[in-house]
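Trainee: build me a model:
(one chain, ligands or ions: 1)
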Amino acid sequence: MSRKPKVVSELAALTKRIATADLAYHGQDTPMMTDAEYDALRLRVKEILAAHPELVADATAVEQVGSPAAAGFGKWRHRVPMLSLDNAFAAVDFVEFEARIRRFLGLKTDNVLDFVAEPKLDGLSISLTYEQGKLIAGATRGDGFEGEEVTANLRTLRSVPETLTGEAPERIEIRGEVLMAKADFLALNAAQAEAGDKVFANPRNAAAGSLRQLDARITAGRPLSFFAYAMGEASEEIAGTHWAYLERLEAWGFTVNPLRRRVSGGAEAEAFQTEMAETRAGLAYDIDGVVYKLDDIGLQRRLGFAGRAPRWAIAWKFPAEQAVTVLRDIRIQVGRTGALTPVAELEPINVGGVLVTRATLHNEDEIARLDVRIGDTVMLQRAGDVIPQILGILPERRPEGATPWVPPEFCPQCHSVALRPPGEVVRRCTGGLICPAQTVERLIHFVSRGAFDIEGLGDRTVAEFYEDGLLKTPVDIFSLAMHEAEIAVREGWGKLSAANLIRSIEARRSIGLARFIFALGIRRIGETNAKLLARNYGSFAHWRAQMLAAQMVGSDERLALGSILGVGPAVAEELMEFFAEPRNIEALDALAAVLTIEDAAGAGADSPLAGKTIVFTGGMATMTRPEAKARAEQLGARVTDSVSKNTDFVVAGADAGSKAKKAAALGLTVLDEAGWRELAGLPPAEV
Ligand code: IVH
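Mentor: Predicted coordinates:
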């Protein structure tokens with residue numbers, strides 16, 4: 001008798017234990033075994049499958065155990081968000097960056113700004129938390145607010161100190177980049193290919209893949225390094241300048257990039273940029289530009305953040321990598337708002353280490369401008385993470401008979417008329433709710449990361465569920481539980497994964513207002529605008545009522561919407577359009593009936609400015625208007641331009657005119673500059 005039945009039953013027992021452990025770990029937050037025991041179970045499953053590949057196919061449950069790696073990591077909420085950086089591509093962008101800083105701080109042009117320049121490392125960003133000098137946790141960036149906790153894996157890196165050398169603050173978060181050297185990446189890929197395992201597209205993906213291993217022993221075998229470069233939360237003041245901060249990092253035992261340099265002003269920055277562009281190819285690791293950070297940390301604090309990037313730093317990118325290939329076809333992609341986007345299908349080509357098969361063509365004007373035709377040889381470029389772009393064609397290589405491309409008159413998905421409204425560059429499908437492509441894209445958006453973030457409901461699954469009638473509108477997601485048995489028997493599914501999906505859906509029945517608004521997929525309402533709206537309106541019921549009332553042009557509610565700083569007329573227009581469609585309201589109410597939509601706590605909820613409306617008028621001596629506005633908003637206030645009875649505070653600076661008078665007439669609280677500083681928690685100005 002073969003020993004196969006024994007292996008089969010062992011496998012069944014293992015998967016059952018793993019499934020139960022998964023449930024305990026994710027569902028009830030009470031692990032039933034140690035991570036090491038758990039990892040050992042998974043390793044054994046892997047071993048069995050390696051020796052008996054024929055078991056992979058018939059044991060569906062086993063497949064599920066092997067695949068969703070991410071399910072094994074806990075979530076980690078960053079105390080200070082991990083943000084991104086604005087980009088510069090040329091010297092003029094740097095000049096503008098400096099000018100912006102000066103304008104914001106009210107500095108004169110002869111005031112030279114000092115920066116620290118550091119290579120922009122092309123790896124993945126990580127946050128390490130130390131308490132009393134001991135490493136307690138390490139996490140990936142994730143969406144900037146919440147990442148995956150990968151402490152065990154990070155502990156395997158020699159450049160991640162377990163204990164900080166010398167005196168350390170009570171608590172500190174240190175940010176930096178995990179990298180794999182170019183040579184190590186090539187060696188790893190060669191070994192992976194040899195073993196028939198997955199090869200990585202570039203060193204960054206290899207670093208990410210290596211760090212996100214459920215079995216920390218695999219990470220330990222991968223050559224990764226950590227470079228420290230930024231600060232997260234700190235329980236005490238660490239340094240007055242970024243340069244001094246980096247020195248402290250070094251003293252604690254971190255690797256800090258030796259190529260860093262202090263530069264004063266744009267000319268020195270430009271010289272450093274040129275120097276690094278030349279050094280780049282000879283470096284052991286990939287860099288894609290240089291990050292310039294204002295050295296003075298006091299000024300950094302005053303500048304703060306705009307959207308998701310600091311005002312005090314910029315990433316000056318190197319020019320993009322270019323290549324030549326053949327355009328095979330132009331395909332039309334239908335977005336969730338019906339926008340038809342032409343996409344270039346290319347003869348696959350390696351550009352700077354990444355295999356490129358597609359490029360964006362933006363819109364039909366762009367195609368006409370480039371006069372790009374199917375069969376043309378095209379020049380394309382890839383810069384960092386952005387989608388490759390077509391720069392132009394090589395006319396001498398045009399095949400005979402190539403004809404100009406004609407935009408579609410009908411949606412390729414639902415065959416509704418495709419129209420391009422006068423004055424707009426985008427052609428849209430008019431099918432709206434009947435267009436399956438739009439519906440599917442809307443559903444995909446609804447469950448995406450920044451929205452409902454439903455694990456296990458990926459793009460493909462959404463499309464398949466839609467096709468098979470399981471999902472039509474977002475609210476159907478919340479009755480998928482009724483179809484659990486049906487899902488469990490679908491190809492590629494099983495009881496375990498169906499149960500997991502239902503659990504992750506149930507976990508999202510309660511959702512914050514900002515995410516909810518973003519999930520609706522209204523045109524021009526991205527995450528930033530959704531947050532603005534949530535913060536301003538506070539609750540779902542209030543937002544809904546206000547939006548309906550704002551339908552009336554000239555109403556107070558319409559004016560209030562218009563005066564939310566950052567929400568421009570185009571955004572207001574889209575909101576009004578959305579609320580004018582009864583089917584949208586129906587869909588909204590259907591969702592509200594099955595969900596708990598949590599009220600948005602305004603930013604700085606505990607500040608005296610939270611939820612207040614404030615108007616600035618006249619000039620101030622200690623800060624510019626943009627700085628004052630940013631500060632007020634940071635503390636949860638709404639900054640508006642006009643004084644009304646709904647205004648809570650009016651800050652009247654020098655030469656305040658009619659607005660101050662009106663405020664006085666209405667009996668509002670009028671503050672002078674010193675009063676404003678006090679309210680905003682700023683120290684009194686030195687005189
Ligand atoms: S500073 C608040 N310094 O670039 C700013 N970032 O585009 C914190 N990066 O997510 C970032 N090298 O992963 C900083 N020397 C460097 C960097 C660097 C690479 C990455 C980082 C960040 C991204 C932003």
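Trainee: ok, now how distant is residue 330 from the ligand?
Mentor: To the ligand, residue 330 is 31 Å away according to C-beta to the nearest ligand atom, to the nearest Å. Quick note: C-beta positions are derived from backbone N, CA and C, even for glycine.
Trainee: ok, then the element right after the strand or helix carrying that residue?
Mentor: For residue 330, the host element (DSSP states H and E) is strand 321-334. Heading C-terminal from strand 321-334, the first helix or strand you meet, by DSSP H and E, is strand 340-351.
Trainee: which positions within the helix or strand that that next one is followed by qualify as buried?
Mentor: Counting by DSSP H and E, the next helix or strand C-terminal to strand 340-351 is strand 354-360. Neighbour counts over strand 354-360 (16 or more other C-beta atoms under 10 Å) mark 356, 359, 360 as buried.
Trainee: next one: stretch 608-622
Mentor: For stretch 608-622, by 16+ other C-beta under 10 Å, it's 609, 611, 612, 613, 614, 615, 616, 617, 618, 620, 622.
Trainee: ditto for stretch 305-313
Mentor: For stretch 305-313, the neighbour count (16+ other C-beta under 10 Å) marks 310, 311, 312, 313 as buried.
Trainee: what's near enough to touch residue 562?
Mentor: Shown in contact with residue 562 (C-beta atoms under 8 Å, 6 or more residues apart in numbering): 569, 572.
Trainee: how much space separates it from the ligand?
Mentor: 32 Å.
Trainee: please apply the same query to residue 191.
Mentor: According to C-beta to the nearest ligand atom, residue 191 and the ligand sit 27 Å apart.
Trainee: what helix or strand is that residue on?
Mentor: Using DSSP H and E, residue 191 falls within helix 182-194.
Trainee: other SSEs contacting that helix?
Mentor: Applying 3 or more C-beta pairs under 8 Å, 6 or more residues apart in numbering; DSSP states H and E, we find helix 182-194 packed against helix 203-211.
Trainee: before we move on, the earlier item: kindly reformat the buried residues of strand 354-360 as TSV containing pLDDT and distance to the ligand.
Mentor: TSV is the format used below for those (pLDDT from 0 to 100; distance: C-beta to the nearest ligand atom, whole Å):
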residue	pLDDT	distance to the ligand
356	87	21
359	91	22
360	84	20
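Trainee: find the centremost residue of this protein, please.
Mentor: The centre of the chain sits closest to residue 143, judged by C-alpha atoms, centre = their mean, with a distance of 4.5 Å.
Trainee: could you find the closest non-adjacent residue to that residue?
Mentor: Closest residue to residue 143 apart from its sequence neighbours, by C-beta to C-beta, 6 or more residues apart in numbering: residue 449 at 5.7 Å.
Trainee: for the one you found, phi and psi?
Mentor: Backbone geometry at residue 449, expressed as degrees, to the nearest 10, gives phi -50, psi -50.
Trainee: just give me the neighbour total for it.
Mentor: Residues lying near residue 449 (other C-beta atoms under 10 Å) number 13.
Trainee: which parts of the stretch 151-300 of the chain are strands?
Mentor: Secondary structure of the stretch 151-300 of the chain (DSSP state E, counting those that start in this stretch): strands at 171-179, 225-234, 261-264, 287-294.
Trainee: using CSV, lay out these together with mean neighbour count, mean pLDDT and distance to the ligand.
Mentor: As requested, the strands of the stretch 151-300 of the chain are arranged in CSV below (neighbours: other C-beta atoms under 10 Å; pLDDT from 0 to 100; distance: least, C-beta to the nearest ligand atom, whole Å):
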stretch, mean neighbour count, mean pLDDT, distance to the ligand
strand 171-179, 23, 96, 5
strand 225-234, 20, 95, 4
strand 261-264, 16, 97, 12
strand 287-294, 24, 95, 4
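Trainee: in a markdown table, list the ones you listed along with distance to residue 326.
Mentor: Shown next, in a markdown table, are the strands of the stretch 151-300 of the chain (distance: least, C-beta to C-beta, whole Å):
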| stretch | distance to residue 326 |
| --- | --- |
| strand 171-179 | 34 |
| strand 225-234 | 39 |
| strand 261-264 | 43 |
| strand 287-294 | 27 |
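Trainee: tell me which of the ones you listed sits nearest to residue 402.
Mentor: Minimum separation from residue 402 across those (C-beta to C-beta) falls at strand 287-294, 35.0 Å.
Trainee: what residues does this protein put near the ligand?
Mentor: Within the chain, the positions lying close to the ligand (C-beta under 6 Å from any ligand atom) are 83-85, 118, 120-121, 125, 177, 229-230, 291, 310, 313, 315.
Trainee: avg pLDDT for the host helix or strand of residue 530?
Mentor: For residue 530, the host element (DSSP H and E) is helix 527-537. Across helix 527-537, pLDDT averages out at 87.
Trainee: who touches that helix?
Mentor: By C-beta under 8 Å, 6+ apart, helix 527-537 touches 307-308, 450, 512-518, 525, 543, 546, 564-567, 571, 600, 602-603, 636, 638.
Trainee: buried ones in the helix holding residue 191?
Mentor: For helix 182-194, burial by neighbour count (16+ other C-beta under 10 Å) applies to 182, 184, 185, 188, 189.
Trainee: which one is the second one nearest to, not counting chain neighbours?
Mentor: Yep, that's residue 184 we're talking about. Here the residue nearest residue 184, using C-beta to C-beta, 6+ apart, is residue 223, at 4.2 Å.
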